[in-house]
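Peer 1: Generate a structure from the sequence data that follows.
(one chain, ligands or ions: 2)
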Amino acid sequence: MSYQITFYGHGTFGVKVGEYQLLIDPYFTDNPSTETSPEDLNPDYLLITHGHGDHVGDAVEIIKRTSARVIANFEVANWLSAKGGGEVFPQHIGGGHDYPFGYLKLTQAVHGSSLPDGSYGGMPAGLLLTTPAGEKIYFAGDTGLFAGMSLIGEEGIHLAVLPIGDNFTMGPDDALRAVKLIQPQYVIPAHYNTWPLIAQDPQAWKERVEAETDTQVMIMEPDTTLDF
Ligand code: NI
Ligand code: MN
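Peer 2: Ligands and ions are numbered 1, 2, ... in the order given. As a prediction, the model looks like this:
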């Protein structure tokens, strides 16, 4: 086992790499998909893809309660620092940085990023993590399909996490096209079935992806963990 992924529903994920616990887009309190409370978690790092409320979520509470360091784009990182204090690592699109848990690069995402109080949240991002073992995990964040996904795929992706919910992000058809551009070994669908507006059938999507590509689809129930 090289890393562990925990899904909390919607776009919220935990990643355990070595001794480090990462928490991505910590949306718990208003998230109907999860039974987990943010108080249950004590992450070392908080990674935020963009400023929308369903991604910033409980970040301020977690920053105040724990020693979690925040990694996000410059605008979101500074907004969270002003609200919650703590140590922040501002990055921006295309830039990577070496952390104790691996090398993290922010990637393009085609979406918005306004913060809950209306502040400017900069550009939305995806996350491309290279673990110390050399495996690459791509969290697309909230995004539409874009041609540059093929450039991300050129890096050799072990696991991609892609939205399939439609309306706010890619739907199943474009997410299938995204898999063809990225060609990951594994894909986890996300950002669906949180509300009726983004209801999707992940099993039907899995069957299409596995019929048309070599990628294996891992459907995760909320509050479960997989070893990779
Ligand atoms: Ni969003
Ligand atoms: Mn979202």
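Peer 1: Name the residues of this structure found near ligand 2, please.
Peer 2: When proximity is defined as Cβ under 5 Å from the ion, the chain approaches ligand 2 at D54, D142. Every residue, glycine included, has its C-beta placed from N, CA and C.
Peer 1: any low-confidence regions in the chain?
Peer 2: 1 (pLDDT under 70).
Peer 1: For it, just list every one of the strands.
Peer 2: With DSSP state E as the criterion, the chain has strands at 3-7, 13-17, 20-24, 45-47, 69-73, 88-91, 96-99, 102-108, 125-130, 136-139, 159-163, 186-190, 216-217, 224-227.
Peer 1: among these, which is nearest ligand 1?
Peer 2: strand 159-163 (9.1 Å; Cβ to the ion).
Peer 1: Would you mind pulling the contact partners of the closest one?
Peer 2: Taking contacts as Cβ atoms under 8 Å, 6 or more residues apart in numbering, the residues outside strand 159-163 that touch it are 5, 11, 13, 135-143, 169-170, 175, 178-179, 182, 184-192, 215, 228.
Peer 1: Narrow these to those that are buried.
Peer 2: 5, 11, 13, 135-143, 169-170, 175, 178-179, 182, 184, 186-192, 215, 228 (16 or more other Cβ atoms under 10 Å).
Peer 1: Close to ligand 1 as well: tell me which of the residues you listed qualify.
Peer 2: Restricting these to those touching ligand 1 (Cβ under 5 Å from the ion) yields D142.
Peer 1: Tell me who's in contact with E87.
Peer 2: R69, V70.
Peer 1: That one and ligand 1: what is the separation?
Peer 2: Separation of E87 from ligand 1 (Cβ to the ion, to the nearest Å) stands at 25 Å.
Peer 1: With P222 instead?
Peer 2: Taken as Cβ to the ion, the span from P222 to ligand 1 is 18 Å.
Peer 1: Quick check, that residue in contact with S33.
Peer 2: Yes. Between P222 and S33 a contact is recorded at 4.5 Å, counting by Cβ atoms under 8 Å.
Peer 1: what residues do the two have in common as contacts?
Peer 2: Shared contacts of P222 and S33, defined by Cβ under 8 Å, 6+ apart, comprise Y8, G9.
Peer 1: Helices of this structure, start to end?
Peer 2: 53-56, 59-65, 74-84, 149-153, 172-182, 202-212 (DSSP state H).
Peer 1: Figure out the length between the terminal residues of stretch 134-144.
Peer 2: 27 Å (Cα to Cα, to the nearest Å).
Peer 1: quick one: that stretch to chain centroid distance?
Peer 2: 7 Å (Cα atoms, centre = their mean, to the nearest Å).
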